[in-house]
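**Q** I would like the atomic coordinates for the input below:
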Amino acid sequence: MHKSTLYVIFIIACLLVSCSNKIINTTNYNFKADDSKVFYANLNYWAAHPLKKDMSDNVPKPLGSYDSTQKQVDVFFIHPTTLLNYGDGRLNATLDDINLNKKTDEGTILYQASVFNESCNVYAPRYKQAHIKTFFMPAADVQQNFDLAYGDIKKAFETYLELYNNGKPIIIAAHSQGTLHAARLLKEFFENKPLQNKLVCAYIIGLPITQNYFSVLQPCGNSWQTGCFVGWRTFKKGYEGPAYVLKETEKVVVVNPLTWTMDSLKVPKIKNKGGVLKNFNKIIPGVVDAQVHKNILWTSKPKFFGNVFLTQKNYHIADYNFFYVNIRENIKERIGAFWVVNRHIIGYW
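**A** Purely as a prediction, here's the structure:
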């Protein structure tokens, strides 16, 4: 992530993220948190949770409804940075910031976490996320801020395991800053641990994951592989990326979400079953094509009314949006494959 990303977030957010006119949400935004004693048994500490109605419960109208009963698979979703105001002096968010929590829920929880709701119970913790500006500061100066954020994620996951998992398979999902913490979580709790056997897939998107980051976990090589991870960063076709991408020396995992492979073949728009942009209740088939290019994912300029005004080449904020239906269907496919491979291990069959 780089300073240019901040400008992109503000510009593209106006085009690609907007609260739906019809939403399901009973979230309490007026709770008071004790940040020194984060208590994830309290539903107020969750942006999304199966035991309450929240933004992740919404489904784009063309996709119909879904079975709201408890699923046999959980997703633990870690949201991206939403603390973006440079006038805010904090380096970490507070958990009971009403405006920030609403912004988080009406953005990433609605537009990203909801992709999992057909197949999974969605858990998304609130956490003391690091401010966007910490990504532009010397790493040694802000490591404590990222550690503080991850400490909340870790507490939330431990509470989830203790109170809610009940032996179910797990998907780990994240975007941007969330991916930074998700990768760390996968190393601490899954890699070479018993939980690795329950990992359906990790969708860790929006930040680079190098091919040698994990010692055991491998990138997914197809649409049905399980116990693996996928990732990508989206840029306009023909753009080699900003300076921070051009300076990368290690190979980064890039999976094409239209084929779920890592080859460099261009995949046409017809393979894109639908993206969700400004209007949450509108699915746009063929919104972009996709092609793996070096360490990034290239796409065509998105197809929507008014796209003539979109001049940016970094589509970071739309990493999920562009491929909403394809991701949604892939989740079902991987879960189905997981049950076939692991039915004797997990014990549900």
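**Q** ok, which stretches of the stretch 1-150 of the chain are strands?
**A** Remark: strands assigned in the stretch 1-150 of the chain by DSSP state E, counting those that start in this stretch are 46-48, 74-78, 121-125.
**Q** please name the nearest non-neighbouring residue to Asn192.
**A** Val216 (5.6 Å; Cβ to Cβ, 6 or more residues apart in numbering). (C-beta placed from N, C-alpha, C; glycine too.)
**Q** deepest of the strands of the stretch 1-150 of the chain, which one?
**A** Highest mean neighbour count of the strands of the stretch 1-150 of the chain: strand 74-78, a mean of 27 (counted as mean count of other Cβ atoms under 10 Å).
**Q** strand partners of it, parallel vs antiparallel please.
**A** strand 121-125 (parallel), strand 170-175 (parallel) (DSSP bridges).
**Q** how many neighbours does Asn166 have?
**A** The tally of other residues near Asn166 (other Cβ atoms under 10 Å) stands at 9.
**Q** before we move on, what about Ala290?
**A** Counted with other Cβ under 10 Å, Ala290 comes out at 26.
**Q** spatially, what comes nearest to it if we skip its sequence neighbours?
**A** Nearest non-adjacent residue to Ala290, counting by Cβ to Cβ, 6+ apart: Leu258, 4.7 Å away.
**Q** so how far is Asp141 from that neighbour?
**A** As judged by Cβ to Cβ, to the nearest Å, Leu258 and Asp141 stand 40 Å apart.
**Q** more neighbours: which of those two?
**A** Leu258 (23 against 10).
**Q** quick one, phi/psi of that one?
**A** In terms of degrees, to the nearest 10, the main-chain angles of Leu258 are phi -90, psi -20.
**Q** got a list of what it touches?
**A** Val267, Lys271, Asn272, Asp289, Ala290, Phe323, Asn326 (Cβ atoms under 8 Å, 6 or more residues apart in numbering).
**Q** just confirm the second one contacts Trp260, I think it does.
**A** Spelled out, it's Lys271. No. Using Cβ atoms under 8 Å as the test, Lys271 is too far from Trp260 to be in contact (10.9 Å).
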